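Asks: Got a predicted structure plus its sequence, pasted below:
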Amino acid sequence: MALLSRQQIQDVEDKGFEDVPVPEWGGEVRLKRMTAHERERFELGAMKGKGKSSEVNLKNFRERLLIATAIDEHGGKLFGREDVIWLSGKSAVAMGRVYDKAMEMNGLSKKDEEELTGNSLDDEDDESSSG
């Protein structure tokens, strides 16, 4: 693999998008790859408060990721902050499908998710199934 110059890195189009089939909604949703700045804003948006008094804001985490990554056919944002409430009422299967793809496309791993949410989703499942 060749060593890249600053100009080569600057010139490459590395963001892109993918259309994700969502049969529950009868079509596809276009998701974009976030820029580093957009991802940072998304991650910071998962925090409430500042400094030592900050805590993770889990409320509507999946919906907020969809709002950050879903675009229309012209590349414009498909949803705004005002859409978070009604998106939270959509099918968990459909939301899971687009959430998982948005996580994958934007280099967000399960470890990143656990760091942002402050716990393992497996732990939540264990607690809820124990009684």
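Replies: Yes, it's here.
Asks: burial count for Met105?
Replies: If you count neighbours by other CB atoms under 10 Å, Met105 ends up with 18. Using the backbone N, CA and C atoms, a C-beta is placed for each residue, glycine as well.
Asks: Isn't it up against Leu31?
Replies: Yes: assessed by CB atoms under 8 Å, Met105 is found in contact with Leu31 at 6.0 Å.
Asks: List the residues that are in contact with both of these two.
Replies: 18, 69 (CB atoms under 8 Å, 6 or more residues apart in numbering).
Asks: In this protein, where is pLDDT below threshold?
Replies: 49-57, 110-131 (pLDDT under 70).
Asks: All the strands of it, residue numbers only.
Replies: Taking DSSP state E, the strands of the chain run over residues 17-22, 27-32, 47-48, 55-56, 70-71.
Asks: and the ones you listed as JSON lines, adding distance to Ile85 and mean neighbour count?
Replies: Shown next, in JSON lines, are the strands of the chain (distance: least, CB to CB, whole Å; neighbours: other CB atoms under 10 Å):
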{"stretch": "strand 17-22", "distance to Ile85": "19", "mean neighbour count": "15"}
{"stretch": "strand 27-32", "distance to Ile85": "18", "mean neighbour count": "17"}
{"stretch": "strand 47-48", "distance to Ile85": "18", "mean neighbour count": "12"}
{"stretch": "strand 55-56", "distance to Ile85": "20", "mean neighbour count": "12"}
{"stretch": "strand 70-71", "distance to Ile85": "16", "mean neighbour count": "18"}
